[in-house]
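Student: sequence first, predicted model second:
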2 protein chains.
Amino acid sequence: MADERRAAPVEFWFDFVSPYAYFGSTQIERVVARHGRAVDWRPVLIGITVLKVMGMRPLLEYPMKGDYLRRDGARVAELLGVPFRHHGLERVNSVAASRAFLWLKREDPERAVPFARRMFDRLWVRGADITPVQASAEEAAALGADAAALRAALEQPEAKQALKDEVDAALARGVFGVPFFIADGEAFWGSDRLPMLEHWLQHRRWDPVR
Amino acid sequence: MADERRAAPVEFWFDFVSPYAYFGSTQIERVVARHGRAVDWRPVLIGITVLKVMGMRPLLEYPMKGDYLRRDGARVAELLGVPFRHHGLERVNSVAASRAFLWLKREDPERAVPFARRMFDRLWVRGADITPVQASAEEAAALGADAAALRAALEQPEAKQALKDEVDAALARGVFGVPFFIADGEAFWGSDRLPMLEHWLQHRRWDPVR
């Protein structure tokens, strides 16, 4: 039983529009692999769905908090040693990109995480939009995936439903922000919590281990 | 100039009603002292003032987030090795306690931080209310402070004004949550950011230091 639970993948809930989800995406595989676990990447629409359920607006729209978050990205990137830029794009949304990710995860699973990395990179490193279907098609094609099939799939109701189901699953688990990590029922909100997630993976207890 | 800036105290903004401010209060002196700096403890009314300015409700009232935060306290306490309990009290507020802290800071400065620690302990360890003036008077008296003078001072408009000024100063600095740390103009929100604050105090730069 303990071994079975140990083997379960760590859920990594992300939204491409979140810079902290991007930061989390650059760290999570390494952290989890150190403890012999796998990561299950799961998209969620935090800004346009989850925050609404909570009665909140997108974080950048809050006075003070927005200023802080805008300044914070650059130093976190420096600290992690990863490239980053504020894209300055307005009304970016991750609906098509998230649907594309889920389609790849089902149809071409080897390419799903590389695709997610390219989409994060596209928005947060190259500063290019991820909103249009064309963006997902380009990045999928660059990986050698079947971009025509992807485009066709994104027009089907199944692709919409798959993302809707994923957002519902996130809400059912209490995912109220991104990045959000769940390991063995322990939930962690925010890339700042990666050290705490790692403590859990290593010790599976909370009291200080000496 | 660099030495002068190095000597400036690190601002620690807290609200007694926040469990994360309590957690921060148990760590901040040690973190900052390791780098030869002092801490300036500054109270702010986050729940009843700052969140309102931001158009937010107290965090525990948000669906999902409240559940997470309620579960999170116990494990963070275990990890830090500090005592903690959910007090279950309703409508706790820190107005009188914060006014008392500021009065002590001015009139009996040696006892101000010990008083703050006792108030955090009262609420988050002993689970006793901090709202009535009586609570502040008891904890001040236990430290040997002049509780009668404190009680009298808290009825004067100066005590109200001092706290109002402090909240205004917090808003002017962009303090939108607690604990909030400011060192050399670098702002850090949340006790999760203590490692990042420490990185700053040690290196005064963000790129990875090897």
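Tutor: Nice, thanks for sending it over.

Student: go through stretch A:42-62 and flag the buried ones.
Tutor: A:42-47, A:49-51, A:54, A:56, A:59, A:62 (16 or more other Cβ atoms under 10 Å in any protein chain shown). Where you see a C-beta, it was placed from the backbone N, CA and C, and this is true even at glycine.

Student: kindly export that stretch (C-alpha atoms) in CSV.
Tutor: C-alpha atoms of stretch A:42-62 as CSV (Å, rounded to 0.1, in the frame of the first residue of the first chain):
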residue,chain,number,x,y,z
ARG,A,42,-2.8,19.1,-15.6
PRO,A,43,-4.0,22.3,-17.2
VAL,A,44,-6.6,24.5,-15.5
LEU,A,45,-8.1,27.9,-16.4
ILE,A,46,-7.4,29.8,-13.3
GLY,A,47,-8.0,33.4,-14.4
ILE,A,48,-11.2,33.0,-16.4
THR,A,49,-12.8,30.1,-14.4
VAL,A,50,-11.5,29.3,-11.0
LEU,A,51,-11.1,32.9,-9.7
LYS,A,52,-14.7,33.6,-10.8
VAL,A,53,-15.9,30.6,-8.8
MET,A,54,-14.1,32.2,-5.8
GLY,A,55,-15.5,35.6,-6.5
MET,A,56,-12.0,37.0,-7.2
ARG,A,57,-10.6,39.0,-10.1
PRO,A,58,-7.3,38.2,-11.8
LEU,A,59,-4.5,38.9,-9.3
LEU,A,60,-2.8,41.6,-11.3
GLU,A,61,-6.0,43.7,-11.1
TYR,A,62,-5.7,44.1,-7.4
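
Student: check which residues of stretch A:168-178 are buried.
Tutor: Buried, per 16+ other Cβ under 10 Å, within stretch A:168-178: A:170-171, A:173-178.

Student: distance from the chain centre to it, please.
Tutor: Here stretch A:168-178 is found 12 Å from its chain centre; the criterion is Cα atoms, centre = their mean, to the nearest Å.

Student: end to end on it, go ahead and measure it.
Tutor: Using Cα to Cα, to the nearest Å, the end-to-end distance of stretch A:168-178 comes out at 15 Å.

Student: swap in stretch A:120-135?
Tutor: Per Cα to Cα, stretch A:120-135 runs 12 Å from first to last residue.

Student: with stretch A:31-40 instead?
Tutor: 13 Å.

Student: what's the mean pLDDT across that stretch?
Tutor: Stretch A:31-40 carries an average pLDDT of 97.

Student: residues contacting that stretch, please?
Tutor: Stretch A:31-40 has contacts (Cβ atoms under 8 Å, 6 or more residues apart in numbering or on different chains) with A:6-12, A:28-29, A:113, A:183, A:194, A:197-198, A:201-202.

Student: is it true that residue A:171 touches residue A:54?
Tutor: No: with contact defined as Cβ atoms under 8 Å, residue A:171 does not count as touching residue A:54 (9.7 Å).

Student: shared neighbours, those two?
Tutor: Counting by Cβ under 8 Å, 6+ apart, the common neighbours of residue A:171 and residue A:54 are residue B:64.

Student: returning to that earlier point: which pair of the contacts of stretch A:31-40 spans the longest distance?
Tutor: Largest separation among these by Cβ to Cβ: A:113 and A:202, giving 23.3 Å.

Student: the two: who's more crowded?
Tutor: A count of neighbours by other Cβ atoms under 10 Å in any protein chain shown puts residue A:113 above the other of residue A:113 and residue A:202, at 18 against 11.

Student: now do the contacts for that one.
Tutor: A:39, A:41.

Student: do the same with the one 5 residues further on
Tutor: Neighbouring residues of residue A:118 by Cβ under 8 Å, 6+ apart: A:139, A:142-143.

Student: reformat the residues you listed as CSV; add pLDDT and neighbour count.
Tutor: Output for the contacts of residue A:118, formatted as CSV (pLDDT from 0 to 100; neighbours: other Cβ atoms under 10 Å in any protein chain shown):
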residue, pLDDT, neighbour count
A:139, 98, 25
A:142, 98, 13
A:143, 98, 16
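
Student: look at residue A:182 and give its secondary structure.
Tutor: Here residue A:182 is recorded as strand under DSSP: H, G, I helix; E, B strand; the rest coil.

Student: same thing with residue A:12?
Tutor: strand.

Student: and which of the contacts of residue A:118 is nearest residue B:135?
Tutor: Set against residue B:135, the nearest of those by Cβ to Cβ is residue A:139 (58.4 Å).

Student: what about that closest one, which SS state?
Tutor: helix.

Student: excluding its backbone neighbours, what's nearest it?
Tutor: residue A:118 (4.2 Å; Cβ to Cβ, 6 or more residues apart in numbering or on different chains).

Student: next: residue A:10.
Tutor: residue A:183 is the one closest to residue A:10 (Cβ to Cβ, 6+ apart), at 4.5 Å.

Student: you'd agree the one you found is up against residue A:197?
Tutor: Yes: judged on Cβ under 8 Å, residue A:183 makes contact with residue A:197 at a distance of 6.3 Å.

Student: any common contacting residues for the two?
Tutor: Counting by Cβ under 8 Å, 6+ apart, the contacts common to residue A:183 and residue A:197 are residue A:10.

Student: beyond whichever strand or helix holds residue A:28, next helix or strand please.
Tutor: Here residue A:28 sits within helix A:19-33, counting by DSSP states H and E. Next along the chain after helix A:19-33, taking DSSP H and E as the criterion, comes strand A:39-43.

Student: from the chain's centre, how far out does that next one sit?
Tutor: Distance, centroid of strand A:39-43 to centroid of chain: 7 Å (Cα atoms, centre = their mean).
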